[in-house]
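Chemist: The sequence isn't on hand, but the structure is:
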């Protein structure tokens, strides 16, 4: 009944709506037809003048997407921002302030869809203003909006960037030293058979970044923090010899083979893995780049705990680069001093390290926008604002570029650092930032002191993450590798490759299935090697005496010697020379040894043979030999002889006792009388 009422009510409402539509002449469009996805018309910057001298020209080039040719575009420059807090708002396109000047509008034209459009804004420090330009009398960071309006004058697209106006060359200023850390990294992915690989897109990205680092002329001083796993991958997939690099004059930091969660490893009793990662990383970096990585400087992340920092200090770290968000409490009290001056931090065992901050606000700009050129220009604006907020001597800051940075962003950012004098604008100015290596940054940056001693800053880290079953699986693979190394002490190429697969499983950011896949692949690699050491599938040996030797032939298909341990066991055999035999197998051939045995019984019984690594930890192969013994044992021989003597004596006695009876029987015969 209720359902009928609802149906009737719905039908009545629908009929009423239909009548109203008919009376008013409306047409109803289906909702699906009303909501259509709008075409995104985003202006994408392709180039920008990073720094502008007092009488220079600021230019912006961009693509206009699908905007109509009649769309008009222009630049609007706003008053300079006065703080980094305000800069954050203008970067977001908010609180732009007072508009100072707008360039004349110009139509995109018919070629806008296929070629970048360039707009220019000439400036002067004094009046009169240049043609189609304006006067910016003071140095500073000026928001600039690229505006696209349709034929009706309505805005259809816009993007905000910043004009970085330099002081006059005659102005005395102290440039902010900037130590840029270029990280070359990519998270491994599971490839064929569980092997660690890098995707094609990521391979192309990191290769383009390395090409920029390889260009000492086109890029400024910087510090390289390259993941050795990625360097190795590039060397294996690149046709160019990676030893032909131009980074011998670059400061290159020591990095673990893959980025690791050092705090979690320590918490899981895998602190030794940190040492292994650093050792492998040093070897790969030295081999591929031809430089010895600097182990005195370590770049912290939020996974580094007090205890794990001890491990880095133990291998030589004396200086730490600390992300600013890990010293947030200190920043709240004195942000400029913390960011631009050196301080000290303490590790878990009370080791004191000199430290300098890495500015997270600058680093974050590379991830806050989809436009890589805007991102890089915003990062430069952050550094410029840091200088303008507190100009002074002995100031510097580190900038750790994100590991996943877009190559276009890094190209523009490094080009901006390289062109810090504003020459690209046509009018050089006084640089406000000075790109340096980390070593030079530390030497040029003053230390914040208290009573003559470096201020000790409190730093934080994230709580170590649980690693679940990974530690157990890692230790098993590690133990298998140790066994293989004792077997193949001369084949470092094979064992190093497997070790690197195991080390890759500890990579930061991997999920559990990926870790498991890498460790399984390592174990399979070990199995593929050990499978080349073989025993005969079946063998039968006949012993004709109580003591003898059983021949054992092992085949080694590897091109190197193999050190193995052979263990034998049988319930019916004794082994006078022991049950364990250490052997060295000849490469690519067979090796024979004879096992001395003593039988406990005659008959057929099995002999178990197990071959393992030289330390006995890793099983290699096993077999069962069928042993036939036709020999009689000592007690058996005594019993047999005794039985034979007994039978012989019995027969002799029986023979002797029967002979007299026969004689007596012959003598007692009575002749038979004959009748005649």
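Modeler: Cool, got the structure. If you're wondering where the values come from, they're calculated on a predicted model, not measured in any experiment.
Chemist: and residue 443, what are its phi and psi?
Modeler: phi -70, psi -20 (degrees, to the nearest 10).
Chemist: show me the contacts for it.
Modeler: Residue 443 sits next to no residue when contact means Cβ atoms under 8 Å, 6 or more residues apart in numbering. In short, each C-beta sits where N, CA and C put it, glycine included.
Chemist: so what pLDDT did it get?
Modeler: Here the pLDDT value assigned to residue 443 is 92.
Chemist: Next, find the distance separating it from residue 437.
Modeler: Computed as Cβ to Cβ, to the nearest Å, the residue 443 to residue 437 distance reads 10 Å.
Chemist: Ok, residue 406 next?
Modeler: Residue 406 is 23 Å from residue 437, by Cβ to Cβ.
Chemist: Look at residue 461 and say how many residues are nearby.
Modeler: Neighbours of residue 461 under the rule other Cβ atoms under 10 Å: 17.
Chemist: For it, which residues are in contact?
Modeler: Residue 461 neighbours (Cβ under 8 Å, 6+ apart): 263, 300, 302, 303, 304, 305, 306, 326.
Chemist: switch to 7 Å and redo it
Modeler: Neighbour list for residue 461: 263, 302, 303, 304, 305, 326 [criterion: Cβ atoms under 7 Å, 6 or more residues apart in numbering].
Chemist: repeat for residue 557
Modeler: 532, 588.
Chemist: could you measure it against residue 589, distance?
Modeler: For residue 557 relative to residue 589 (Cβ to Cβ), the value is 9 Å.
Chemist: what about the stretch 51-200 of the chain, any weak spots by pLDDT?
Modeler: Residue ranges of the stretch 51-200 of the chain with pLDDT under 70: 112-113.
Chemist: got the residue ranges for the helices in it?
Modeler: For the stretch 51-200 of the chain, the helices defined by DSSP state H, counting those that start in this stretch cover 84-91, 200-213.
Chemist: which of those sits most buried?
Modeler: Of all these, helix 84-91 carries the top mean neighbour count, a mean of 19, counting by mean count of other Cβ atoms under 10 Å.
Chemist: Quick check, central residue of the protein?
Modeler: residue 258 (3.8 Å; Cα atoms, centre = their mean).
Chemist: Wait, a helix at it?
Modeler: No - according to DSSP: H, G, I helix; E, B strand; the rest coil, the state of residue 258 is coil, so it is not within a helix.
Chemist: Surely it touches residue 507?
Modeler: Yes - using Cβ atoms under 7 Å, residue 258 is in contact with residue 507, at 3.9 Å.
Chemist: Overlap in contacts, the two.
Modeler: Listed as contacting both residue 258 and residue 507 by Cβ under 7 Å, 6+ apart are residue 188.
Chemist: So residue 50: helix, strand or coil?
Modeler: Assignment for residue 50 (three-state DSSP): coil.
Chemist: circling back: and the contacts of residue 461 as JSON lines, adding neighbour count and distance to residue 46?
Modeler: As requested, the contacts of residue 461 are arranged in JSON lines below (neighbours: other Cβ atoms under 10 Å; distance: Cβ to Cβ, whole Å):
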{"residue": "263", "neighbour count": "22", "distance to residue 46": "42"}
{"residue": "302", "neighbour count": "15", "distance to residue 46": "35"}
{"residue": "303", "neighbour count": "20", "distance to residue 46": "37"}
{"residue": "304", "neighbour count": "27", "distance to residue 46": "38"}
{"residue": "305", "neighbour count": "23", "distance to residue 46": "43"}
{"residue": "326", "neighbour count": "23", "distance to residue 46": "36"}
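Chemist: Show me which of those residues is closest to residue 156.
Modeler: Using Cβ to Cβ, residue 302 is the member of the contacts of residue 461 that sits closest to residue 156, with 41.7 Å.
Chemist: which non-adjacent residue is nearest that closest one?
Modeler: residue 462 (4.4 Å; Cβ to Cβ, 6 or more residues apart in numbering).
Chemist: Phi and psi next, for the one you found.
Modeler: phi -80, psi 160.
Chemist: got any ranges where the chain has weak pLDDT?
Modeler: In the chain (pLDDT under 70), the answer is 1-41, 112-113, 239-246, 248, 333, 336, 631-648, 650-676.
Chemist: Residue 229 is in what secondary structure piece?
Modeler: Per DSSP states H and E, residue 229 falls inside helix 228-237.
Chemist: can you list contacts of that helix?
Modeler: Helix 228-237 has contacts (Cβ under 7 Å, 6+ apart) with 184-186, 188, 198, 203, 206-207, 210, 242, 255, 257-258, 280-281, 284-285, 288-289, 504.
Chemist: Tell me which residues touch the residue nearest to the centre of the chain, please.
Modeler: 188, 227, 229, 277, 503, 504, 506, 507.
Chemist: ok, now residue 312?
Modeler: For residue 312, the contacting residues are residue 298, by Cβ under 7 Å, 6+ apart.
Chemist: still on that earlier bit, tell me, what's touching residue 557 and residue 589 both at once?
Modeler: Joint contacts of residue 557 and residue 589 (Cβ under 7 Å, 6+ apart) do not exist.
Chemist: Please settle this for me: is residue 313 part of a strand?
Modeler: No - counting by three-state DSSP, residue 313 is not found in a strand; it is helix.
Chemist: Report the spatially closest residue to it, excluding sequence-adjacent ones.
Modeler: The shortest distance from residue 313 to any non-neighbouring residue, by Cβ to Cβ, 6+ apart, is to residue 351 (4.7 Å).
Chemist: Could you tell me how many residues sit around that neighbour?
Modeler: Residues lying near residue 351 (other Cβ under 10 Å) number 16.
Chemist: how far does the helix holding residue 229 sit from the chain's center?
Modeler: On the basis of Cα atoms, centre = their mean, to the nearest Å, helix 228-237 sits 11 Å off its chain's mean C-alpha point.
Chemist: Report the buried residues of that helix.
Modeler: 228, 229, 230, 231, 232, 233, 234, 235 (16 or more other Cβ atoms under 10 Å).
Chemist: What helix or strand is the nearest residue to residue 613 once chain neighbours are set aside located in?
Modeler: Spatial nearest neighbour of residue 613, excluding adjacent residues (Cβ to Cβ, 6+ apart): residue 483 at 3.6 Å. Assigned by DSSP H and E, residue 483 falls within helix 470-487.
Chemist: what packs against that helix?
Modeler: Counting contacts by 3 or more Cβ pairs under 7 Å, 6 or more residues apart in numbering; DSSP states H and E, helix 470-487 packs against helix 492-504, helix 512-530, strand 562-569, strand 603-613.
Chemist: Contacts for it next, please.
Modeler: Residues from elsewhere that reach helix 470-487 (Cβ under 7 Å, 6+ apart): 268-270, 495, 498-499, 502, 505, 515-516, 519, 522-523, 526, 529, 562-564, 613-615, 617-618.
Chemist: Just want the angle from that helix to strand 603-613.
Modeler: Angle of helix 470-487 versus strand 603-613, following axes from the mean of the first three to the mean of the last three Cα atoms, to 10 degrees, is 100 degrees.
Chemist: can you give me the helices in the stretch 201-350 of the chain?
Modeler: 228-237, 262-267, 271-289, 306-314, 328-333, 335-340.
Chemist: how about those helices in a markdown table, adding distance to residue 572?
Modeler: A markdown table is the format used below for the helices of the stretch 201-350 of the chain (distance: least, Cβ to Cβ, whole Å):
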| stretch | distance to residue 572 |
| --- | --- |
| helix 228-237 | 54 |
| helix 262-267 | 51 |
| helix 271-289 | 46 |
| helix 306-314 | 55 |
| helix 328-333 | 75 |
| helix 335-340 | 79 |
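Chemist: Residue 81: which of those is closest?
Modeler: Closest of the helices of the stretch 201-350 of the chain to residue 81 is helix 335-340, at 16.2 Å (criterion: Cβ to Cβ).
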